[in-house]
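**Q** Got a predicted structure plus its sequence, pasted below:
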Amino acid sequence: MTGRLFLVRHGRTPLNAEGRFRGHRDVPLDEQGLADAERAARQLAGVGLAAVIASPLLRTRQTAEAIAAATGAPIEIEPDLIDLDHGRWEALTPEEAAELDPEAFRRFREDPRSAEAPGGERLADVERRVLAALRRIGERFDGAACAAVSHEIPIRLAIARLAGVDGAAVWELLVPTGAVVELRYEAGGLALARPELVLGGPAG
């Protein structure tokens with residue numbers, strides 16, 4: 001059976017608004033972030049979700065709570081949906097990270113799958129754990145619809161892999177705060193339902 005899996009980026013936080021890396025910092029949604037969460041909830045209100053699965057961090061849990069309130073679906077926590085551990089880049093701006101670790105940051109921007117946040121996590125490891133978590137969710141709720149609430153970089157890496165996107169083009173994918181990206185799960189595999197929406201093509 002084909003299941004529907006809606007990958008949701010959490011709403012905006014104060015660190016998003018300042019252009020700073022969030023990572024494992026447990027920051028709440030700001031006013032705009034609460035509106036982002038409500039917008040995502042409205043998109044999913046008529047889908048018939050069986051569950052809303054969120055990363056352990058507060059910003060994803062707040063976004064999941066808005067979706068659960070609109071859909072009546074229960075909330076579960078999945079640790080492998082958590083954000084990239086940015087190590088010593090956490091709470092820095094990209095400019096500050098580039099000044100601190102020029103070569104590591106160049107690789108982060110130009111070839112993210114080969115990059116590592118200094119003192120933190122390899123992006124390739126983030127991609128593997130997030131895709132594995134999404135497949136587990138798809139298998140567990142086979143044929144049903146679920147929402148998985150995660151973070152910018154895990155979502156970018158997952159949909160880039162599914163869309164065949166690599167290198168610096170990973171950062172060009174359309175994944176704003178509160179974004180909802182629909183995946184399909186069938187026979188152990190994941191696919192983007194509408195890849196043109198994240199690749200920047202016409203909505204159709």
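**A** Noted; the coordinates are in hand.

**Q** Show me where the protein has its helices.
**A** 14-17, 31-44, 58-71, 94-100, 102-110, 123-140, 152-163, 196-199 (DSSP state H).

**Q** and the second one, what other elements does it pack with?
**A** When you say that, I think you mean helix 31-44. Here helix 31-44 touches strand 3-9, helix 58-71, strand 180-186, going by 3 or more C-beta pairs under 8 Å, 6 or more residues apart in numbering; DSSP states H and E. Where you see a C-beta, it was placed from the backbone N, CA and C, and this is true even at glycine.

**Q** in it, what's buried?
**A** Neighbour-count burial for helix 31-44 flags 32, 33, 34, 35, 36, 37, 38, 40, 41, 43, 44 (criterion: 16 or more other C-beta atoms under 10 Å).

**Q** for the fifth one, what are its contacts?
**A** Read it as residue 36. With contacts taken as C-beta atoms under 8 Å, 6 or more residues apart in numbering, residue 36 has the following neighbours: 10, 11, 12, 29, 63, 177, 178.

**Q** pLDDT below threshold where in this protein?
**A** Along the chain, the parts satisfying pLDDT under 70 run over 200-204.

**Q** what's around residue 2, how many residues?
**A** Residue 2 has 12 neighbours, counted by other C-beta atoms under 10 Å.

**Q** surely it meets residue 188?
**A** No: taking contacts as C-beta atoms under 8 Å, residue 2 lies outside contact range of residue 188: 12.0 Å.

**Q** got the contact list for the residue lying closest to residue 19 once chain neighbours are set aside?
**A** Closest residue in space to residue 19, ignoring its immediate chain neighbours: residue 93 at 5.3 Å, by C-beta to C-beta, 6 or more residues apart in numbering. The neighbourhood of residue 93, defined by C-beta under 8 Å, 6+ apart, consists of 18, 19, 20, 21.

**Q** can you list the residues you listed in CSV and add neighbour count?
**A** Output for the contacts of residue 93, formatted as CSV (neighbours: other C-beta atoms under 10 Å):
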residue, neighbour count
18, 9
19, 11
20, 21
21, 23
